[in-house]
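Undergrad: Predicted model, plus sequence, below.
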Amino acid sequence: MSTTTFTYLPALPTELRIMIWEPAIATHVEDFANSIPGSVYDVWAEGRRHAQIPYEWSRLPLKLRVRDPYDGRKMRLEENEFESLVNSFPISAVSREVRNQVAEFCRTLVPDIEFEYTTVSNLFSLEPPAPEDGEDPVVLRNVHCLPGAETLEHVFAKPTSLTVCGGRDQFKSPEHFVSMINRFFGDRVERLSLESWAGHHLPDPQKRPYWASSVEAAVDIEPTFIIDAKHDPSMIFLTPDRKLHVVRQTWEDRRYAITRIARHLLEFYDILDASVTTLPRLKHIDLKLDVQVWDSEWTYIKSSCKDGVLSVNIKEVAIF
């Protein structure tokens with residue numbers, strides 16, 4: 001028998017084959033990572049480098065971009081940087097089984113993903129859209145770095161932390177929002193970060209509805225005051241009955257900010273309700289809203305859910 005081949009590998013039980021592939025993949029990925037130059041000029045390359053060589057001070061998330069102008073009837077996967085990462089390793093072209101194992105290994109390297117979903121159509125031709133100044137070109141198809149390798153089904157990351165970029169009103173409802181996340185990323189998501197922006201010429205961005213099917217409505221926030229003297233006055237709560245709980249003095253001092261926080265928490269609860277079966281691990285929802293007036297003004301909210309109660313520390317909140 002040749003010392004460089006093992007012809008009996010396909011006949012081994014699946015569990016044994018996986019035990020053989022796992023150390024081979026880890027070694028292959030490590031060698032490949034060590035060969036990556038330390039360039040920071042290409043954002044996509046730097047994100048891939050960060051996935052393989054963790055940085056304590058900063059880490060660029062890999063991106064997934066989906067365009068859905070026909071209400072789910074014809075989605076276009078414009079860019080999947082996680083799949084590009086998997087396909088960049090020549091060992092992933094050996095077989096379907098190995099590629100799946102490479103994908104599983106890479107999922108352990110990539111806990112964070114940035115998700116961009118839009119319903120806006122720019123498909124006036126078969127050519128990819130031209131990149132904006134300073135942006136990377138859109139990649140419509142990812143291929144193996146080995147010529148002639150089989151193109152298989154798409155592979156996606158299964159992150160525990162997911163950043164959703166763009167207008168929230170691209171999604172029709174909380175159920176639609178959650179279903180898209182589950183479709184592309186599975187059910188492991190524990191933290192959602194919602195990132196969007198609003199121009200000064202638009203209606204008050206703090207009151208705009210989250211979903212395309214919603215309409216702007218006045219929300220009357222009537223607090224229930226916490227009388228426990230040991231309670232941290234910086235902590236506010238929203239309970240499943242959609243009631244706000246806050247220390248009276250905190251409410252009197254920061255009523256404007258707390259009212260705006262509560263409006264967002266009500267929307268967060270709709271997401272949590274829609275996530276019960278599809279995203280059962282979801283416990284944290286954050287908001288980063290960039291309001292562009294003369295300069296950028298940021299709204300930042302960080303919330304946690306425990307036993308059905310949403311909590312926010314107002315010391316960690318910035319409200320425009």
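TA: Structure's in. What do you need?
Undergrad: the strands in the stretch 51-200 of the chain, which residues?
TA: 62-67, 76-80, 112-118, 161-165, 191-199 (DSSP state E, counting those that start in this stretch).
Undergrad: Comparing the ones you listed by mean pLDDT, which bottoms out?
TA: Here the lowest mean pLDDT among the strands of the stretch 51-200 of the chain goes to strand 191-199, at a mean of 80.
Undergrad: Can you identify the element that follows it toward the C-terminus?
TA: Heading C-terminal from strand 191-199, the first helix or strand you meet, by DSSP states H and E, is strand 223-225.
Undergrad: Quick check: what element follows that following strand along the chain?
TA: As the chain continues past strand 223-225, the following element, by DSSP H and E, is strand 235-238.
Undergrad: I'd like the next helix or strand past that following strand.
TA: strand 244-246.
Undergrad: Would you map the helices across the stretch 1-150 of the chain?
TA: Taking DSSP state H, counting those that start in this stretch, the helices of the stretch 1-150 of the chain run over residues 14-34, 43-52, 81-87, 96-109.
Undergrad: and I271, what is it in contact with?
TA: I271 makes contact with 174, 177-178, 192, 282, 285, according to C-beta atoms under 8 Å, 6 or more residues apart in numbering. All C-beta spots, glycine's among them, are computed from the backbone N, C-alpha and C.
Undergrad: Report the buried members of those.
TA: Applying 16 or more other C-beta atoms under 10 Å to these, the neighbour count classes 174, 177-178, 192, 282, 285 as buried.
Undergrad: From these, which land in helices?
TA: Members of those lying in helices (criterion: DSSP state H): 174, 177-178.
Undergrad: Would you mind giving these as a markdown table with distance to S95 added?
TA: Listed next are these as a markdown table, based on distance: C-beta to C-beta, whole Å:
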| residue | distance to S95 |
| --- | --- |
| P174 | 40 |
| F177 | 36 |
| V178 | 34 |
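Undergrad: quick one: V246 and I181, what's the gap?
TA: Separation of V246 from I181 (C-beta to C-beta, to the nearest Å) stands at 30 Å.
Undergrad: Buried deepest among the helices of the stretch 1-150 of the chain, which one?
TA: Ranked by mean neighbour count under mean count of other C-beta atoms under 10 Å, the helices of the stretch 1-150 of the chain are led by helix 81-87, which reaches a mean of 24.
Undergrad: Show me the contact partners of stretch 158-165.
TA: 61, 107, 110-117, 177, 181, 185-186, 188-196, 281.
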